[in-house]
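Novice: Predicted model and sequence below, questions to follow.
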Amino acid sequence: MSEPRERLAEGAPERLYTLADSRARRTARADVELVTLIVARAETEPGTRPECAAVLRMCQFPLSVAEISAYLALPVSGVTEVLAELLAEDQVETRAPVPAAELPDPALLQAVMHGLQKL
């Protein structure tokens, strides 16, 4: 039973999921998926946790959750917790991913190809 206290005394870092606010986790976690784009709405302030500050600095341009996870070398579940906290505080916003381009109708492509062949 004394192991957690010893770890705290030694200065071992807390697990990331214990640092996030549980209220923010419940409300905002559902909005965040791997391909959701994240954009910072605020600047870092003194006293901001390092993970939150790193996300705010790197998300000046839209980045997906997967990219943020890779850049921070943190698991996606941990990044999701940090993002849920930042979303609850309105420091970041989510954007839908850019939809994949739709291919043109094959009949139209054939008509263009036949028209070019007749030239």
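Specialist: Now that the structure is in, tell me what you want to look at.
Novice: mind checking how far Leu34 is from Val65?
Specialist: Separation of Leu34 from Val65 (C-beta to C-beta, to the nearest Å): 5 Å. All C-beta atoms are positioned from the backbone trio N, CA, C, and that covers glycine.
Novice: what pLDDT does the residue nearest in space to the middle of the chain get?
Specialist: Nearest to the geometric centre of the chain sits Val65, at 2.5 Å (C-alpha atoms, centre = their mean). What the model reports for Val65 is a pLDDT of 93.
Novice: who are the neighbours in contact with it?
Specialist: By C-beta atoms under 8 Å, 6 or more residues apart in numbering, Val65 lies in contact with Val32, Glu33, Leu34, Val35, Thr36, Ile38, Val76, Val79, Thr80, Leu83.
Novice: run the last query once more with 7 Å
Specialist: By C-beta atoms under 7 Å, 6 or more residues apart in numbering, the residues touching Val65 are Val32, Glu33, Leu34, Thr36, Ile38, Val76, Val79, Thr80, Leu83.
Novice: isn't there a strand covering the third one?
Specialist: So that's Leu34. No: going by DSSP: H, G, I helix; E, B strand; the rest coil, the assignment for Leu34 is coil, not a strand.
Novice: ok, how many other residues are close to Val35?
Specialist: The number of residues packed around Val35, counting by other C-beta atoms under 10 Å, is 11.
Novice: Please consider this matter closed, and thank you.
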